[in-house]
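In: Provide a 3D model corresponding to the input given below.
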Amino acid sequence: PVEGQRLGSGRKGGFMSLNLQPPLTRDSAETESAEPPQCFVCGGSNYRYLFAKGGRNFWRCLHCGSERIWPLPTHEELANYYEQSYQAGMYEAFADAKEMKRLTAVARYRQVAPFCRAGEWLDVGCSTGAFVAEAQRLGTQCQGVELSATAATQARARDLQVTCGTLADLPNEANFDTIT
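Out: Next up, the predicted model:
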């Protein structure tokens, strides 16, 4: 963030606001074969098809080189994927690796903290809350948002403030100085 900039939900005050609508998922009516819309990074509209994996097409923006999948999964597809992954999939083992996650969170905090403003932080896609917990332990006010109900429940069982859902599910008055 730029000095003096406050990241927030756009619902009250601040210099920079987040556009929480629409969610980063596709409408089920969108065609499967269309190229992606404008690049989220640079606004470019020229892409090169890379490959398909798991029913998704991977594309590279020819202007900035960022990569993305298109079509985006629906909200329901994402929620089902993460829920299944935390219950009996690849994230189940990841969630159980508590010390590895704690050490990763400490390293991540040390990397980003020098570039972030003091104040309220939000960790998007916080999983079971390892980063939220470490940020709090290191003196930063931090909360999270997580799509998986299983992961969010595990985080809240540790007395962490975690909202289950997307950015749009945060309270209207939510404002954050840093979003990770």
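In: Would you map the strands across the protein?
Out: Taking DSSP state E as the test, the strands found in the chain are 7-8, 16-17, 47-53, 56-61, 67-70, 120-124, 141-146, 162-164, 178-179.
In: Among these, show the one with the smallest mean pLDDT.
Out: For the strands of the chain, mean pLDDT drops lowest on strand 16-17, to a mean of 34.
In: so what's the backbone phi/psi at the residue lying closest to residue 155 once chain neighbours are set aside?
Out: Excluding the flanking residues, the one nearest residue 155 by C-beta to C-beta, 6 or more residues apart in numbering is residue 129, at 3.3 Å. For the C-beta atoms, the positions are set from N, CA and C on the backbone; glycine is no exception. The phi/psi pair for residue 129 (degrees, to the nearest 10) reads phi 90, psi 20.
In: begin at 43 from here
Out: In the new numbering, first residue 43, that becomes residue 171.
In: burial of residue 171, as a residue count?
Out: 28 (other C-beta atoms under 10 Å).
In: Same check on the one 3 residues further on?
Out: Each residue near residue 174 was counted by other C-beta under 10 Å, and the total is 27.
In: For it, report the pLDDT, please.
Out: The model's pLDDT for residue 174 equals 98.
In: Please give me every residue in contact with it.
Out: 165, 168, 184-186, 197, 202-204 (C-beta atoms under 8 Å, 6 or more residues apart in numbering).
In: switch to 6 Å and redo it
Out: 165, 168, 184, 186, 202 (C-beta atoms under 6 Å, 6 or more residues apart in numbering).
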